[in-house]
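In: got a structure for you, letters missing:
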């Protein structure tokens, strides 16, 4: 499994690095350094998840538990920082966490890895395409940096990754393409929900638990939502 996965993740990472370099040519040196630091952290996290899936279900469940516990802690900090009462927000949050853990328990590690890698590609390509070509705001009230061009690039990357990794989930090309698009849209919903939460709480990052990544939820909210909402397709 590992060689086949690396044959996809390493070229996609290299392509993402090239696009990011092109998008950052006119940015200040400090901004470029921050982006490269975030990219390196993203690369390491992706391959840590690959290693967990290769190790088997116990490692995947342990990783899922860490994501949920750290995410719940970050959400608690965010909810406490909101001016209006936010206790009701725990209802959808806990439902998402439970559904995510259920998917990690019931799906094969290869399917969980497939979902994660498609979502990671969506996230990465959305960011670099938005930086390079972004002109049209997608949801300015929630996340001013997101653009329609970035969304298009992210969906293209998600479908590409879904096709390249279809063997992980045992999918034919047509089904893989549809699932790649569905995972990308579910990931976007999770990302926008995270952005809405941070804006309500007046936060830039959820926490400093993952340096350069904005916290566990900033890094994994797309994966949480995609696995929970679109994991039933597998």
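Out: Right, received. Where do you want to start? Since we're looking at a predicted model, the values are computed, not measured. Numbers count the residues shown, from 1 in each chain.
In: how would you label residue 96: helix, strand or coil?
Out: The local conformation at residue 96, judged by DSSP: H, G, I helix; E, B strand; the rest coil, is helix.
In: and it, how many neighbours does it have?
Out: Close neighbours of residue 96, defined as other C-beta atoms under 10 Å, add up to 20. The C-beta positions use only the backbone N, C-alpha and C, and glycine is treated the same way.
In: Equivalent analysis for the one 10 residues further on, please.
Out: By the measure other C-beta under 10 Å, the count of residues near residue 106 is 12.
In: Who are the contact partners of it?
Out: Residue 106 makes no contacts at all, as judged by C-beta atoms under 8 Å, 6 or more residues apart in numbering.
In: dump the residue contacts of the closest residue to residue 41 other than its chain neighbours.
Out: Leaving aside its sequence neighbours, residue 41 sits nearest to residue 212 (C-beta to C-beta, 6 or more residues apart in numbering; 4.7 Å). Counting by C-beta under 8 Å, 6+ apart, residue 212 touches 34, 37-38, 40-41.
In: Residue 212 looks like it's in a helix, true?
Out: No - under three-state DSSP, residue 212 sits outside any helix and is assigned coil.
In: quick one: the strands in this protein?
Out: With DSSP state E, the ranges of strands along the chain come out as 137-139, 143-147.
In: Please name the residues that touch residue 36.
Out: Counting by C-beta under 8 Å, 6+ apart, residue 36 touches residue 20.
In: sorry, back to before: mind putting the strands of the chain into CSV with mean pLDDT and mean neighbour count?
Out: Formatted as CSV, the strands of the chain follow (pLDDT from 0 to 100; neighbours: other C-beta atoms under 10 Å):
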stretch, mean pLDDT, mean neighbour count
strand 137-139, 84, 17
strand 143-147, 84, 18
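In: So which of the contacts of residue 212 is the closest to residue 129?
Out: Nearest to residue 129 among those: residue 38, at 15.7 Å, using C-beta to C-beta.
In: where in this structure is pLDDT low?
Out: Low-confidence segments of the chain (pLDDT under 70): 23-24, 85.
In: residue boundaries of the helices in it?
Out: 2-23, 29-55, 57-80, 90-106, 109-133, 148-164, 166-169, 173-201, 216-230 (DSSP state H).
In: just so I know, which of these lies nearest residue 141?
Out: With C-beta to C-beta as the criterion, residue 141 lies closest to helix 173-201 of those, at 8.2 Å.
In: ok, back up a step: which one, of the helices of the chain, ends up nearest to residue 207?
Out: For these, the distance to residue 207 is smallest for helix 57-80, at 4.9 Å, taking C-beta to C-beta.
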